[in-house]
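Novice: Here is my input; please provide its structure:
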Amino acid sequence: MVDFFVLLLLLLVFAIVLVVQVLVGVGFLVALAAMAAPLESLGWWSEKGADEATRSLALLASGELDDDLPKTDYQHYVFYLSGIGALDGSSIPPEELPLLDGLAQRLPGAVVISDVFPYSPANRALTGNRAFAWMWRRIEKVRLHKPESALGMLINARNALQLFVSADRRYGPTFSLGTADEIGRSLVDHGYELGSGKRVTLVGWSGGGQVALGAAWFLGGAGIPVDVVSLGGM
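Specialist: All right, here's what the predicted structure looks like:
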C-alpha cells in the first residue's frame, strides 16, 4: 500500500512538473510573439511606408487626384473594419455578415466598403505574400470545418497582437498611418470626391474599433470628415 501511494505521489509530481514546463513554454512563445508583433509595422515603414503613406495622405489633403477616377452619387461612405477573426480585407467572419447586410439595407444612399485588412499597415492578407501564408491557409481550412477549433484561435491571437501594436504609443502612429493610407486609397477607388464634405463613417467590430480610431486621426488631418463607430472594441 505504501509503495502504491509513493508511486501515486511520484506520478503527481511528474504531472505537475510537466504542466509547469508546458506553461513556461507557452509563456515563452507568447512573449516572443509579442516582441515580434511590431516588426511588420516597422518593416513596412522602413521599406516604403515613410514615403508612400505620407505622400498619399498629402495628395488626399490637396485634392489633386486623377480626373479619370470613378465618380459616384453616394452621399455617405461606410467603411467596415472587421474583427480579429479576419484573414484579409474580404474574409468577413460569418457572425459579422448580418451587420454588413443590415447596413446596406438601412442606408440606401450609402456604400459599405470592406476591402482593407485592419491588422496589417500595408493591407497584406495573412494568406498573401508572407513566409507563413501556407500555415494560415491550413489553419483556415481547419477553422472552416471546425469553427470552434483551438487551432483557429491562432488567427485571433495573431491579430490581437497587432491590435496592441495599434494601441501602443510608440508603434501605433506608424501602424495607423498605414491603415489610413489604405482606407484613403479605397475611398477614392470607390468614387469618394475629396473636398465634397461627404462624411465617412468607420465601423469597427471588436479590434477593428481600435484600428478605426487610430486611422481616423490621419484621415481627419487629410480633410475627410470622419465618424467612428466601435462595436465591442477596446
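Novice: In the protein, where is pLDDT below threshold?
Specialist: Within the chain, the stretches with pLDDT under 70 are 1-6, 22-34, 36, 57, 60-70, 233-234.
Novice: ranges for the helices of it?
Specialist: In the chain, the segments counted as helices under DSSP state H are 2-36, 39-44, 50-62, 97-106, 133-145, 153-167, 172-189, 207-221.
Novice: Let me know the distance separating residue 8 from residue 45.
Specialist: Using Cβ to Cβ, to the nearest Å, one gets 57 Å for the distance from residue 8 to residue 45. Yep, even glycine has a C-beta here, placed from its N, CA and C like the rest.
Novice: ok, the nearest residue to residue 154 once chain neighbours are set aside - contacts?
Specialist: Excluding its sequence neighbours, the residue lying closest to residue 154 (Cβ to Cβ, 6 or more residues apart in numbering) is residue 139, at 5.8 Å. Contact partners of residue 139, counting by Cβ atoms under 8 Å, 6 or more residues apart in numbering, are 151, 152, 154, 155.
Novice: likewise residue 118?
Specialist: Residue 118 sits in contact with 81, 82, 86, 159, 179, 204, 207, 208, 211, 212, where contact means Cβ under 8 Å, 6+ apart.
Novice: Give the bridge partners for the first one, please.
Specialist: By that I understand residue 81. residue 204 (DSSP bridges).
Novice: is it true that it touches residue 212?
Specialist: Yes - using Cβ atoms under 8 Å, residue 81 is in contact with residue 212, at 5.2 Å.
Novice: where's the closest residue in space to residue 166 that isn't next to it in sequence relative to residue 163, distance?
Specialist: Nearest residue to residue 166, sequence neighbours excluded (Cβ to Cβ, 6+ apart): residue 175, at 4.8 Å. Noted for residue 175: a distance of 10 Å to residue 163, by Cβ to Cβ.
Novice: what's the overlap in contacts for the two?
Specialist: Counting by Cβ under 8 Å, 6+ apart, the residues touching both residue 175 and residue 163 are residue 211.
Novice: neighbour count winner among those two?
Specialist: Neighbour count, other Cβ atoms under 10 Å: between residue 175 and residue 163, residue 175 has more, with 29 against 25.
Novice: for the closest residue in space to residue 120 that isn't next to it in sequence, what are its contacts?
Specialist: Spatial nearest neighbour of residue 120, chain neighbours left out: residue 40 (6.6 Å); criterion: Cβ to Cβ, 6+ apart. By Cβ under 8 Å, 6+ apart, the contact set of residue 40 is 120, 121, 122, 124, 162.
Novice: and what of residue 81?
Specialist: By Cβ under 8 Å, 6+ apart, the residues touching residue 81 are 114, 116, 118, 202, 203, 204, 205, 208, 209, 211, 212.
Novice: and if we set it to 6 Å?
Specialist: Contact analysis of residue 81 by Cβ atoms under 6 Å, 6 or more residues apart in numbering lists 118, 204, 208, 211, 212.
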